[in-house]
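A.B. asks: here is the input, now give the coordinates:
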Amino acid sequence: MTGYQLRYRGKLLAGVDEVGRGPLAGDVVTAAVILDPRKPVAGLADSKKLSVNRRNQLAEEIREKALSWHVARASVDEIDKYNILRATLMAMVRAVDGLTLKPEYVAVDGNRLPDWEYAAEAVVGGDDKVPAISAASILAKVCRDAEMCLAEQAFPGYGFASHKGYGTRAHREAIVLLGPCLIHRKSFEPVKSLLSARQDVLT
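C.D. replies: Here you go, the predicted model:
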């Protein structure tokens, strides 16, 4: 964790991050976390750099020690309706609004801020610089990964448990073979073109 200095120095800082902007399937999941300075969580880092076991351990510790945390989302339908950027920002608002404590300041991973009432700061690479953002990234990823494992049971054959909805070669081949399922994003390629081609065949 680098020594990045936020403009805010108080206690009620919420960190916000998202997981799932790039996949071809599933919701985009966000989390907001207000850490307790009296109960530090050691080993926080960008969730993508942690092993599955370590992420799960840290997620449990974050949920136990944080002053407040909340996981939110934007659905596949909302992603297709509004586009992934707007849907992600909507989900971030929901995550912060869902906190039991109102933050004095919000640090958001990335370079865009939602249109909201909170004093806030966007931090590029924040999930590796700001502990509260790291904590949020861990909660969001653990939640979304678990949901994609459940999706494997509901929609077998696509390999959701392994690729978590991302556009791997195996996933794309499965979409061509089986066709898109209910949790595929219809506005994302190659799903969009496959649906269009199937519609052309039917008409």
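
A.B. asks: and stretch 126-134, average pLDDT?
C.D. replies: Taken as a whole, stretch 126-134 has a mean pLDDT of 96.

A.B. asks: with stretch 8-20 instead?
C.D. replies: Per-residue pLDDT over stretch 8-20 has a mean of 92.

A.B. asks: show me the shaky parts of this structure.
C.D. replies: Applying pLDDT under 70 to the chain flags residues 1-3, 198-203.

A.B. asks: have a look at it and report its longest helix.
C.D. replies: Counting residues, the longest helix found in the chain (DSSP state H) is helix 131-154.

A.B. asks: which strands and helices sit next to that helix?
C.D. replies: On a contact count with 3 or more C-beta pairs under 8 Å, 6 or more residues apart in numbering; DSSP states H and E, helix 131-154 meets strand 13-19, strand 28-34, helix 52-65, strand 68-74, strand 105-109, helix 160-163. Bear in mind the C-beta positions are built from the backbone N, C-alpha and C, glycine included.

A.B. asks: got a markdown table for these, with distance to Ile183 and mean neighbour count too?
C.D. replies: Formatted as a markdown table, these follow (distance: least, C-beta to C-beta, whole Å; neighbours: other C-beta atoms under 10 Å):
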| stretch | distance to Ile183 | mean neighbour count |
| --- | --- | --- |
| strand 13-19 | 15 | 30 |
| strand 28-34 | 12 | 30 |
| helix 52-65 | 21 | 15 |
| strand 68-74 | 12 | 23 |
| strand 105-109 | 24 | 25 |
| helix 160-163 | 8 | 18 |
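
A.B. asks: what comes up buried for the longest helix of the chain?
C.D. replies: Neighbour-count burial for helix 131-154 flags 131-145, 147-148, 151-152 (criterion: 16 or more other C-beta atoms under 10 Å).

A.B. asks: same check, this time on stretch 91-106
C.D. replies: Buried residues in stretch 91-106 (16+ other C-beta under 10 Å): Ala91, Met92, Val93, Arg94, Ala95, Val96, Leu99, Pro103, Tyr105, Val106.

A.B. asks: mind checking which of the residues you listed land in strands?
C.D. replies: Among the buried residues of stretch 91-106, the ones falling in strands (DSSP state E) are Tyr105, Val106.

A.B. asks: just the buried residues of stretch 91-106 now: which is nearest Phe188?
C.D. replies: Closest to Phe188 out of the buried residues of stretch 91-106 is Ala91 (16.6 Å), distances taken as C-beta to C-beta.
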